[in-house]
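Visitor: Dropping a prediction and its sequence here:
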Amino acid sequence: MSGTFEILRNFRWLLDLLDIALVAFIIYRIILLIKGTRAVQMVLGLAVILIVYMGSQVGGLYTLHWILDNFLSSIILVIIVLFQNDIRRALIHVGRNPFFADLSYREETEVMDELVKACVNMGNKKIGALIVIERETGLKDFLEVGVEIDAKVSSDLITSIFLPYSPIHDGALVIQQGRLKRAACFLPLSQNPDISKSLGTRHRAAIGLTELVDAVAIVVSEETGKVSVVVGGRITRDLDSTSLRRVLKRLLEPRQAKKKK
């Protein structure tokens with residue numbers, strides 16, 4: 001028995017190293033998750049409060065220290081409330097279900113080609129559009145108001161849906177498992193005050209949805225014809241056919257990337 005404890009003591013440094021590595025990895029992933037979001041500002045705000053808390057203790061500011069002490073005693077609840085969207089996005093990555101999981105490589109390529117072609121054509125004609133592509137998180141909560149389609153992804157069909165005189169051109173078109181599922185779906189608008197005033201309702205809806213779930217949203221501007229991709233509340237603007245295809249492949253085709261290696 002004593003020999004077993006001796007072995008465990010000898011390998012304790014390996015467990016300590018593993019412990020440090022896991023903590024470092026978690027911190028690194030958290031930084032990547034909140035990079036470019038409002039969470040960064042909230043983290044800085046909490047850091048300032050912590051510094052003031054320690055300063056009040058050292059400086060003998062007892063009333064301020066008491067107030068901050070009571071506030072920080074509930075820090076776990078505060079973090080959950082402030083970072084609920086970021087925590088939800090992090091948990092989404094557990095148990096992935098890739099967008100093209102049930103499609104062959106040929107079908108993947110066809111869907112991507114039709115999607116890119118439709119967005120570029122609508123951009124050239126300045127037809128406004130909002131297309132949402134489901135990934136790991138289901139979008140059932142946002143489909144109840146929409147019109148059911150359940151059709152193969154087609155450039156002509158996508159364009160016809162968003163024509164100004166189409167009865168279902170308002171709202172978002174949702175793609176699930178490589179098929180057009182519903183149109184005219186209404187999405188929650190982002191309340192982020194830092195969003196550029198030049199962005200319209202479609203862009204705000206795309207940002208608002210992707211702040212809540214891990215879907216990919218494509219927006220075609222009605223005013224400029226520019227194509228943008230929104231994921232995780234972050235927008236990438238002014239994409240041409242080549243850059244749009246590259247971004248979508250990176251976000252939607254993990255299996256294809258492995259085949260190329």
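Guide: Arrived safely, thanks for sending.
Visitor: doesn't Ile175 fall inside a strand?
Guide: Yes: judged by DSSP: H, G, I helix; E, B strand; the rest coil, Ile175 forms part of a strand.
Visitor: so which strand or helix has Gly55?
Guide: helix 38-59 (DSSP states H and E).
Visitor: where's Leu180 relative to Leu212, distance?
Guide: Distance of Leu180 to Leu212, computed by C-beta to C-beta, to the nearest Å: 22 Å. (Each C-beta comes from the backbone N, C-alpha and C, glycine too.)
Visitor: Tyr165 now?
Guide: Tyr165 is 31 Å from Leu212, by C-beta to C-beta.
Visitor: okay, the two: which has more neighbours?
Guide: Leu212 (19 against 5; other C-beta atoms under 10 Å).
Visitor: Would you confirm that the more buried one contacts Ser190?
Guide: No: taking contacts as C-beta atoms under 8 Å, Leu212 lies outside contact range of Ser190: 9.5 Å.
Visitor: any weak-confidence spans in the stretch 151-261 of the chain?
Guide: Along the stretch 151-261 of the chain, segments meeting pLDDT under 70 span 253-261.
Visitor: Now do the same for the closest residue in space to Ile161 that isn't next to it in sequence: helix, strand or coil?
Guide: Nearest non-adjacent residue to Ile161, counting by C-beta to C-beta, 6 or more residues apart in numbering: Ala183, 5.3 Å away. The three-state label given to Ala183 by three-state DSSP is strand.
Visitor: what secondary structure does Thr242 sit in?
Guide: Per three-state DSSP, Thr242 ends up helix.
Visitor: so how far is Leu64 from it?
Guide: To Leu64, Thr242 is 56 Å away according to C-beta to C-beta.
Visitor: Which one of the two is surrounded by more residues?
Guide: Leu64 (15 against 10).
Visitor: what comes up buried for the helix or strand where the more buried one lies?
Guide: Element membership for Leu64, per DSSP H and E: helix 62-72. For helix 62-72, the neighbour count (16 or more other C-beta atoms under 10 Å) marks His65, Leu68 as buried.
Visitor: got the contact list for it?
Guide: With contact meaning C-beta atoms under 8 Å, 6 or more residues apart in numbering, helix 62-72 is reached by Ile49, Leu50, Val52, Tyr53, Ser56, Gln57, Val78.
Visitor: residues contacting the third one?
Guide: Going back to what we said before, that points to Val52. Residues in contact with Val52 (C-beta under 8 Å, 6+ apart) are Leu64, Leu68.
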